[in-house]
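**Q** Structural data only, the sequence is not supplied:
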């Protein structure tokens, strides 16, 4: 059973990684969920270690995913209200335009809010470009976090198998 669950967890991690690249699934949640199920089935110290490290990585990734791009936007002079409009537009865009609606909606929302605030498309456009860079950074942080969890899972599953079945 451990082998089957490990294979299914690895497949779920791969699906989660694809879900980050093509935003149709909450990829990091899928990756972390696969590790949780695998650790519960493995019931070994290495499995629990993988789970603890994975949860810590996911929490750090989620925090950094919002703090770093948010600080970049703030340092560029984009107010929080503009960022909030961008987030709301991104959520709407996620449902309106499959796959790319979240970043497109976010950038358009920021552009619209800055256009309304600054009254000039020439002045609002740099904010939209900065928002696009911030969105790309957020995706990069999420993908890096999920890849790190995948590496920890691979190492941990190897440790579990070698302790359960002996060294190959």
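**A** That came in fine, so what should we check first? All of these numbers come straight from a predicted model, not from anything done at the bench.

**Q** pLDDT score for residue 59?
**A** On the pLDDT scale, residue 59 is placed at 97.

**Q** Work out for me the element it sits within.
**A** helix 45-75 (DSSP states H and E).

**Q** Who are the packing partners of that helix?
**A** helix 27-42, helix 80-96, helix 121-165 (3 or more CB pairs under 8 Å, 6 or more residues apart in numbering; DSSP states H and E). The C-beta positions use only the backbone N, C-alpha and C, and glycine is treated the same way.

**Q** ok, now with 7 Å
**A** Packing partners of helix 45-75 (3 or more CB pairs under 7 Å, 6 or more residues apart in numbering; DSSP states H and E): helix 27-42, helix 121-165.

**Q** would you turn these into JSON lines with mean pLDDT and distance to residue 110?
**A** JSON lines is the format used below for those (pLDDT from 0 to 100; distance: least, CB to CB, whole Å):
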{"stretch": "helix 27-42", "mean pLDDT": "95", "distance to residue 110": "23"}
{"stretch": "helix 121-165", "mean pLDDT": "90", "distance to residue 110": "4"}
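
**Q** Give me whichever of those helices is most buried.
**A** helix 27-42 (a mean of 21; mean count of other CB atoms under 10 Å).
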